[in-house]
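K.L.:
Got a sequence here, can you model it:
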Amino acid sequence: MGLLIHIDPIMNILFLDNINLDSEEWITLNKSSDINILPFRYSESIDPEYYSVVDLIVSRYSNLSAKMLSKFKNLKFVVLASVTYRWVDLQYCRQNAITVCNCPTYNTSSTANFAISQALSLLSYTQIFYSIRNSGNGIWHMGGTQRSDISGKVAVVIGKGNIGSKIEARLNVFEVQTFSFNSKSSIKEIEHSLSFADIVFIAVPLTKNTKNYFSSERLSLLKKGCILVSISPGEVIDEESLYNCLKDKKIGGAVLDSFQGEPFDEPSNMFLEFSKLKNVFTTQHVAWNTDYSEKMLQIELSKTVESCLSGLPINVVREVSEE
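P.N.:
Take a look at the predicted model:
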């Protein structure tokens, strides 16, 4: 059982990002006489009167710095409509008895599906590209060029959490020999497996231990033709070293969904350089973004908020830093 937190009879909830409240879960929750959902405001346009009455903030992307949080004199909870919590000053929250919760599982199926589908697409890219081009030019080439199938390949999954375990389960369906590792695994065993992997999936969160995990030294272990699929934060990989490996065709290709320095006002130079390479699929942090994950977010978010109302919050963020 979690720590029981005393709450007032009426809780004022403020949404700092535009989150869908039309789902059945929110409609049911909103009927409760114990909550008052304040009109939605972006963080830069909050009514000053809110600062003294808000008990719980729901946020997705807003920068919840100590300066921002200190304005709320009665704040008890921050509930994040996301997995990441890097935009929240956790130290300030702990010092001021503010409980921070996130939604750690809503996107796991969609993100795992994305990783697998992109690996399949990259393996088949040459055949599909030429087949589509021939069709557009009115050319019939029976059978086309031979593609590389995922079945029979050897895959290494770095990360055995919510997403990594689902990637592994899906690979088994495709008859892929899979080796999966987590933070407790032997470094020697991991690096040996990287040397013979056909596909490497990276599915770890960003922590002080995973930052720059795929350094130039570790990337050099990958065999020629290996495909790297990362749905981890960009800081997990030495981007410049990976770029050089891909440009020089030391490895077969890569799928990259996140990049260092996100979120961008303007795309980073490395993002633009990766996007120019023919053996790289670059996407813009979209792995999680599906109709299914949005539905699951509504369920998980509403349950998390409801748990805060009861005084027994779930999905409490325990780590001091996500780096």
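K.L.:
quick one: buried residues of the helix or strand of the chain at the bottom of the mean pLDDT ranking?
P.N.:
Least confident helix or strand of the chain, by mean pLDDT, DSSP states H and E, is helix 24-30 with a mean of 76. Buried residues in helix 24-30, counting neighbours by 16 or more other C-beta atoms under 10 Å, are found at 25-26, 29. Any C-beta I mention is one placed from the backbone N, CA and C, and that applies to glycine too.
K.L.:
helices and strands around that helix, which ones?
P.N.:
Secondary-structure packing of helix 24-30 (3 or more C-beta pairs under 8 Å, 6 or more residues apart in numbering; DSSP states H and E): helix 291-310.
K.L.:
so E273 touches L242, yeah?
P.N.:
No: using C-beta atoms under 8 Å, E273 is not in contact with L242; the gap is 10.6 Å.
K.L.:
Comparing these two, which residue is more hemmed in?
P.N.:
Remark: of E273 and L242, L242 carries more neighbours, 25 against 16, as counted by other C-beta atoms under 10 Å.
K.L.:
Provide the backbone phi and psi angles at the more buried one.
P.N.:
Per-residue torsions, L242: phi -60, psi -40 (degrees, to the nearest 10).
K.L.:
And it, how close does it get to A112?
P.N.:
22 Å (C-beta to C-beta, to the nearest Å).
K.L.:
ok, F72 - contacts?
P.N.:
50-51, 54, 57 (C-beta atoms under 8 Å, 6 or more residues apart in numbering).
K.L.:
who wins for most neighbours among those residues?
P.N.:
That'd be I57 among the contacts of F72, by other C-beta under 10 Å, with 27 neighbours.
K.L.:
did I read that right, that residue in a strand?
P.N.:
Yes: I57: assigned to a strand according to DSSP: H, G, I helix; E, B strand; the rest coil.
K.L.:
List the beta-bridge partners for it.
P.N.:
Per DSSP bridges, residues listed as beta-bridge partners of I57: L14, V78.
K.L.:
I'd assumed L80 was in contact with it.
P.N.:
No: using C-beta under 8 Å, I57 makes no contact with L80, being 9.1 Å away.
K.L.:
Give me the domain ranges for the chain.
P.N.:
11-106+292-310, 108-282 (automatic domain parsing).
K.L.:
next helix or strand past the least confident helix or strand of the chain?
P.N.:
The C-terminal neighbour of helix 24-30 among helices and strands, as given by DSSP states H and E, is strand 35-37.
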